[in-house]
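J.: pasting the structure only:
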């Protein structure tokens, strides 16, 4: 290479310059102080479509888009103001074909350079970059629109766990004013202290590149607790390295509560099935105990020393029968015999008994709203509900405390009905409300969630069936229960029952007087029961009435006996639940063979569909297990009285 300053060196530099400008994809230009083109490299022809001769001396600002021209002129003026100054500007440049091309130019003031004497500009076609930027911007805008419309919260966190980006829905989930308030915070700031270690462990797994789905408990800024379903995934760069984490968060608090109620319902259903089966078998045993004790008392002379022992056995068996009824009520198998009942009248009629339950050192205050509509209910079961609630209130209250019992009509909307945690609330509208309140020690939240569980009790000697049975009764009556309690301030049980659509109230008929021990009847009775003890006791009781007895050990055998000789039997004592053929099936066949034959049905419970079928098949009498000798004798007397007189 020639020495600088020599003629050969100058020619060589010019050749190098020409080679650079001719092969560069950027336009190298020299402009005078007025912005006219003095020199353009070959790339100008390829980009603009003009020849170099056409571009020579042209006002370069005339080819710039009107919307960009002022900014370019201002940049050019700033370069002219200071020798050696530079400026970078982006603009749209019009080609000879009339289209617009995005350009980016870097201009340098070389006016004082004796060789150049102008402004040197390096201009590059950036159309592809602009289109890519616009596509990226449009993609980001679509993503932002999606996040804004998304019902789930979204966040993106850096390697350290700080929130880099999030949407407004996440701010709403966490109780923040807006998304900007969350930036820079960690999700752990909203997590309960005891749950933070588990969340940090999950974030460590996510940083290793794994996606996860889990449920997270958070505390909002207002202090309320919510459960969020988190779907987390890593964000990777072009090389595949994890650079951030992303997650969608959905509020599943209500769903978890619903799932909990469903699980509880399924558990109670399973326990109810077990309780119903136990109660059925236990009732059969109690029939033997009660009936046997009654027969023995009848056979012994009055004043016999064993009479007192038998009385104790009878009372114990009757209390056990009450326990069975509670089991059946909890199981939902003690089918309520629904009739229009005035709840206020029921409360008043049992006030004395309720006062005894409350205890002498506590005051029971009853308030019944006038013109209270009737409810469709079983008065015996509803009375037991009142007794259970008042007894519990009395046991939770101190000496001198008042217990409030009220009955009134209310109108509730759907939102108010959702506050009733137990049972299945119906439609919004009119309800009859029964409320029992005490000023006792209250119920702890952990205990409150379990008070209706069967066999759960905080009492040292409690069976844990009172409230379970109460819930069973309320459910069977189409109602629901709400429990409000505060430690140290007392507890309020609120029960809703649907009002009756019938206007007249009925009250249970009084029990008939016990028949004379000298009652004598005639005829043959077919006793159909799968429990041998029940058959033996029934035989003893019926034989004592002067009746002849034939036994059948199941419904199939009983139906066949009647079908073989319908005129042989004056009466059938039929159990409802039996193997091979149950009481409903056996009764259908008996009615076909002997339409007028009196039938007494004995059962601890009857499902509604069975009751409807039994009514259709005309059951003469219905006795509830466990029954005693007097109950069976009276049922036989009434049933035999329905037989048509002999011709």
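T.: Structure received. These numbers come from a predicted model, not from an experiment.

J.: so residue 82 touches residue 109, yeah?
T.: Yes: with contact defined as CB atoms under 8 Å, residue 82 counts as touching residue 109 (6.5 Å). Where you see a C-beta, it was placed from the backbone N, CA and C, and this is true even at glycine.

J.: who has more neighbours out of the two?
T.: residue 109 (21 against 9; other CB atoms under 10 Å).

J.: now do the more buried one against residue 632, distance only.
T.: Distance of residue 109 to residue 632, computed by CB to CB, to the nearest Å: 121 Å.

J.: how many residues are close by residue 476?
T.: Using other CB under 10 Å, the number of residues around residue 476 comes to 21.

J.: which stretches of the stretch 451-600 of the chain form strands?
T.: 480-486, 490-497, 524-528, 548-552, 571-575, 599-603 (DSSP state E, counting those that start in this stretch).

J.: reformat these as TSV; add distance to residue 347 and mean neighbour count.
T.: Shown next, in TSV, are those (distance: least, CB to CB, whole Å; neighbours: other CB atoms under 10 Å):
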stretch	distance to residue 347	mean neighbour count
strand 480-486	17	19
strand 490-497	12	22
strand 524-528	41	24
strand 548-552	45	18
strand 571-575	36	27
strand 599-603	30	24
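
J.: got CSV for the ones you listed, with mean pLDDT too?
T.: Formatted as CSV, the strands of the stretch 451-600 of the chain follow (pLDDT from 0 to 100):
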stretch, mean pLDDT
strand 480-486, 90
strand 490-497, 91
strand 524-528, 95
strand 548-552, 95
strand 571-575, 94
strand 599-603, 88
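
J.: need these in JSON lines with distance to residue 250, can you?
T.: Output for these, formatted as JSON lines (distance: least, CB to CB, whole Å):
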{"stretch": "strand 480-486", "distance to residue 250": "28"}
{"stretch": "strand 490-497", "distance to residue 250": "32"}
{"stretch": "strand 524-528", "distance to residue 250": "59"}
{"stretch": "strand 548-552", "distance to residue 250": "62"}
{"stretch": "strand 571-575", "distance to residue 250": "54"}
{"stretch": "strand 599-603", "distance to residue 250": "50"}
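
J.: list the buried residues in stretch 439-446.
T.: 439-440, 442-443 (16 or more other CB atoms under 10 Å).

J.: can you put those residues in CSV and add pLDDT, secondary structure and distance to residue 303?
T.: Shown next, in CSV, are those (pLDDT from 0 to 100; DSSP: H, G, I helix; E, B strand; the rest coil; distance: CB to CB, whole Å):
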residue, pLDDT, secondary structure, distance to residue 303
439, 86, coil, 50
440, 85, coil, 47
442, 86, coil, 53
443, 85, coil, 51
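
J.: hmm, which two among the residues you listed are most spread apart?
T.: By the measure CB to CB, 439 and 443 form the most distant pair in the buried residues of stretch 439-446, at 13.1 Å.

J.: mind pulling up the pLDDT for residue 61?
T.: pLDDT, residue 61: 91.

J.: quick check: phi and psi at it.
T.: As for residue 61, its main-chain torsions (degrees, to the nearest 10) stand at phi -70, psi -20.

J.: where's it relative to residue 80, distance?
T.: Per CB to CB, residue 61 is found 13 Å from residue 80.

J.: run through the bridge partners of residue 90.
T.: Taking DSSP bridges as the rule, residue 90 bridges to residue 104.

J.: burial count for it?
T.: Counted with other CB under 10 Å, residue 90 comes out at 16.

J.: use 22 as the first number for this chain going forward.
T.: Yep, numbering from 22; the last one is residue 111 now.

J.: please name the residues that touch it.
T.: Listed by CB atoms under 8 Å, 6 or more residues apart in numbering, the contact set of residue 111 reads 89, 123-126, 147.

J.: how close does it get to residue 224?
T.: 41 Å.

J.: ranges for the strands of the stretch 322-471 of the chain?
T.: Ranges of strands in the stretch 322-471 of the chain, per DSSP E, counting those that start in this stretch, are 360-362, 384-389, 396-398, 423-433, 443-444, 450-459.

J.: neighbouring strands for the shortest one, and are they parallel or not?
T.: Using DSSP bridges, strand 443-444 pairs in its sheet with strand 501-507 (antiparallel).

J.: longest helix in this structure, please.
T.: helix 274-320 (DSSP state H).

J.: picking up where we left off before, which of the strands of the stretch 322-471 of the chain sits most buried?
T.: Compared across those, strand 396-398 shows the largest average neighbour count, a mean of 24 (mean count of other CB atoms under 10 Å).

J.: that one packs against which elements?
T.: strand 360-362 (3 or more CB pairs under 8 Å, 6 or more residues apart in numbering; DSSP states H and E).

J.: mind listing what's buried along the helix or strand harbouring residue 164?
T.: Element membership for residue 164 (DSSP states H and E) is helix 148-170. The neighbour-count check on helix 148-170 (16+ other CB under 10 Å) flags 148, 151, 168 as buried.

J.: buried set for the following helix or strand past that helix?
T.: Following helix 148-170 in sequence order, the next helix or strand is strand 174-178 (DSSP H and E). With burial defined by 16+ other CB under 10 Å, the residues of strand 174-178 counted as buried are 174-176, 178.
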